[in-house]
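*Asks:* Here you go, sequence then predicted model.
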Amino acid sequence: MTDDLQKRIQAALANPQNMGEMAGADSIGTVGNADCGEMLRLWVKFKQQDGKRVIDRATFQSFGCETAIAVASLATELIRGKTAEEALALKTEELAGELGPLPPMKIHCAQLVEGALRSALEPQNVETKKEIAPASANAPTLLDSFSKPKEGGVKLTFLDGK
Ligand code: FES
């Protein structure tokens, strides 16, 4: 990793945006990367704006990797005001925003964020979201959710970690 990228990651981590659980979220996406053990959960709240349902705010929790946290911080800002379709159309490198191009070994960190976004926003996950939204209120931390998975309560999407 270049010094320049490391500085940009540190800058994002110095003031991370949107960290933590969100009460009353409309949708929740959770992903885990089997290769590196990173896990990330994203909460999304929508609002009506100009006749469209847009993302009001998004928050996240993550274990470990600084790059994933930095990307999640930037991505949760980036998707504000976008429809679910617009947010889903963002490419991995766009989610990484001002971090710029990531080295090959760090691309999966941004893909973790992208996976959580897809888990939260893709239409086929709507049923899962309805099931896990109430359960999340009783799961105080991401760690609790992973260490004591409730039946049907958490949707894990394992990325292939290339
Ligand atoms: Fe695996 Fe960053 S090292 S998500």
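*Replies:* Thanks, I have the structure now.
*Asks:* And the strands in the chain?
*Replies:* Under the criterion DSSP state E, the chain carries strands at the ranges 27-33, 39-49, 52-62, 156-159.
*Asks:* So which of those strands is nearest residue 14?
*Replies:* strand 52-62 (16.1 Å; C-beta to C-beta). All C-beta atoms are positioned from the backbone trio N, CA, C, and that covers glycine.
*Asks:* who are the neighbours of the closest one, in terms of helices and strands?
*Replies:* When contacts are defined as 3 or more C-beta pairs under 8 Å, 6 or more residues apart in numbering; DSSP states H and E, strand 52-62 packs onto strand 39-49, helix 66-78, helix 84-88, helix 104-121.
*Asks:* Mean neighbour count and mean pLDDT added to the strands of the chain, as TSV?
*Replies:* Converted to TSV, the strands of the chain look like this (neighbours: other C-beta atoms under 10 Å; pLDDT from 0 to 100):
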stretch	mean neighbour count	mean pLDDT
strand 27-33	24	90
strand 39-49	20	95
strand 52-62	20	96
strand 156-159	14	66
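*Asks:* who wins for proximity to residue 16 among those strands?
*Replies:* When these are compared by C-beta to C-beta, strand 52-62 sits nearest residue 16, at 9.1 Å.
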